[in-house]
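Asker: From the sequence below, what's the structure:
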Amino acid sequence: MFAALLNPDDEVIIPTPCFVSYQAEITLAGGVPVEVPTFVEDHFVPRIEDIEAAITPKTRAVFIGSPSNPTGAVYPREFLVKLAALVEKHDLIVISDEIYDRLVYDTEHVCFPSLPGMQERTVLMGGFSKAYAMTGWRIGFTAGPKEIVDGMVRVHQYSIMSAPTVSQYAALSALMIGEPFVQDMLREYDRRRKLVVSGLNSIGLKTFEPKGAFYAFPDLRSTGLSDDEFCNRLLREEHVAMVPGNAFGDAGLGFARVSYATSYEKLEEAIVRIERFVKRI
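Answerer: Presented below is the predicted three-dimensional model:
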């Protein structure tokens, strides 16, 4: 996508913490990623004034991911409407990664191109890996203005022939019969979400309530350890894996990503082990 969209040195604004490959993909396409930090006190929703302050004559696009990996943040309609007005004012494109759009709890997911005037300014990214638990099948989709998608197809045809046939049939089956399973999975993720958030908060690792995806993003700073130190020691001493927040950009320093995409029983045991570790340090 970025190879089709960017000229050399074009800038793309990215709210962080964000998924680890966004910045690298922009750089590989010859562009310049411009990070705009978000903050736990804002539930990791960007401040519109910070995004506007990052816009320069070289800005080509704004990249958003909602629901977010790693924070679980879901951008509210009020913010997205302001972002729509901003990108129209500055004649920008929005790349909207909405792969977790079906995994949202107690809030509304707003599909960005559904906002007035945004269909012609948005490249929407989605897939089957998360909503249908098809992580290994590697099948996704994009939708956007014809001139951008045509450029993406020209790049794509010389790098990847097509999604595997078996994955395409699996995706078709998911669309036809998968909805009851999606709803069952969503209810179970919600149960695990509540366990993890309440458990981490009870330990003293302050964790805001994620509204989407299957991640929590606890604040580790009260422990006196850096996020790297905390996660490395926790893995060695208690065999519990968390991802240091700095992996997702400088705005993630002092935090860690916890995935609750595993069994409830394993999560219960993980909370016990994390508590034991925190008490020990």
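Asker: ok, longest helix in the protein?
Answerer: Longest helix in the chain by number of residues (criterion: DSSP state H): helix 179-203.
Asker: quick one: contacts of that helix?
Answerer: Residues from elsewhere that reach helix 179-203, judged by Cβ atoms under 8 Å, 6 or more residues apart in numbering: 72, 102-103, 105, 131-133, 206-207, 209-210, 214, 216, 218, 258, 260-261, 264, 267-268, 271, 274-275, 278. Every C-beta, even on glycine, is put in place using the N, C-alpha and C of the backbone.
Asker: Give me the spatial nearest neighbour of residue 118, chain neighbours excluded.
Answerer: When the adjacent residues along the chain are set aside, residue 118 lies closest to residue 84, with 5.2 Å between them (Cβ to Cβ, 6 or more residues apart in numbering).
Asker: on that earlier part again, list the buried residues of the longest helix of the chain.
Answerer: 185, 186, 189, 190, 192, 193, 195, 196, 197, 199, 200, 203 (16 or more other Cβ atoms under 10 Å).
Asker: For the fifth one, give its distance to residue 270.
Answerer: Here residue 192 is placed at a distance of 11 Å from residue 270 (Cβ to Cβ, to the nearest Å).
Asker: Residue 280: neighbour count?
Answerer: Using other Cβ atoms under 10 Å, residue 280 is surrounded by 9 other residues.
Asker: these two touch, right, residue 56 and residue 11?
Answerer: Yes - the pair residue 56 and residue 11 passes the contact test of Cβ atoms under 8 Å, sitting 6.2 Å apart.
Asker: So between these two, which is more surrounded?
Answerer: Ranked by neighbour count (other Cβ under 10 Å), residue 56 and residue 11 place residue 11 first, with 20 against 11.
Asker: And that one, how far from residue 47?
Answerer: 18 Å.
Asker: can you check residue 59 too?
Answerer: Taking Cβ to Cβ, one finds residue 59 at 17 Å from residue 47.
Asker: The two: which has the busier surroundings?
Answerer: Neighbours were tallied for residue 59 and for residue 47 using other Cβ under 10 Å; the higher tally belongs to residue 59 (20 against 16).
Asker: what is the more buried one paired to in the beta sheet?
Answerer: Judged by DSSP bridges, the bridge partners of residue 59 are residue 11.
Asker: picking up where we left off before, run the chain-centre distance for the longest helix of the chain.
Answerer: Centroid separation for helix 179-203 versus its chain: 17 Å, with Cα atoms, centre = their mean, to the nearest Å.
Asker: Stretch 133-147 too?
Answerer: Relative to its chain's centre, stretch 133-147 lies at 15 Å (Cα atoms, centre = their mean).
Asker: How about stretch 62-74?
Answerer: Distance, stretch centre to chain centre, for stretch 62-74: 4 Å (Cα atoms, centre = their mean).
Asker: Then stretch 53-62?
Answerer: With Cα atoms, centre = their mean as the basis, stretch 53-62 stands 21 Å off its chain's centre.
Asker: can you list contacts of that stretch?
Answerer: Residues from elsewhere that reach stretch 53-62, judged by Cβ under 8 Å, 6+ apart: 5-7, 9-14, 31-32, 34, 36, 51, 83, 86-87, 90, 92-95.
Asker: hang on, the earlier thing: please tell me how far the residue nearest to residue 118 sits from residue 126.
Answerer: Counting by Cβ to Cβ - residue 84 and residue 126 are separated by 19 Å.
Asker: again, but for residue 251
Answerer: Counting by Cβ to Cβ, the gap from residue 251 to residue 126 is 25 Å.
Asker: same check, this time on residue 158
Answerer: Where residue 126 is concerned, residue 158 sits at a distance of 23 Å (Cβ to Cβ).
Asker: again with residue 177
Answerer: According to Cβ to Cβ, residue 177 and residue 126 sit 19 Å apart.
Asker: Comparing those two, which residue is more hemmed in?
Answerer: Ranked by neighbour count (other Cβ under 10 Å), residue 177 and residue 126 place residue 126 first, with 19 against 9.
Asker: list the contacts for the more buried one?
Answerer: Each residue near residue 126 by Cβ under 8 Å, 6+ apart is listed here: 98, 99, 101, 140, 141, 142, 143.
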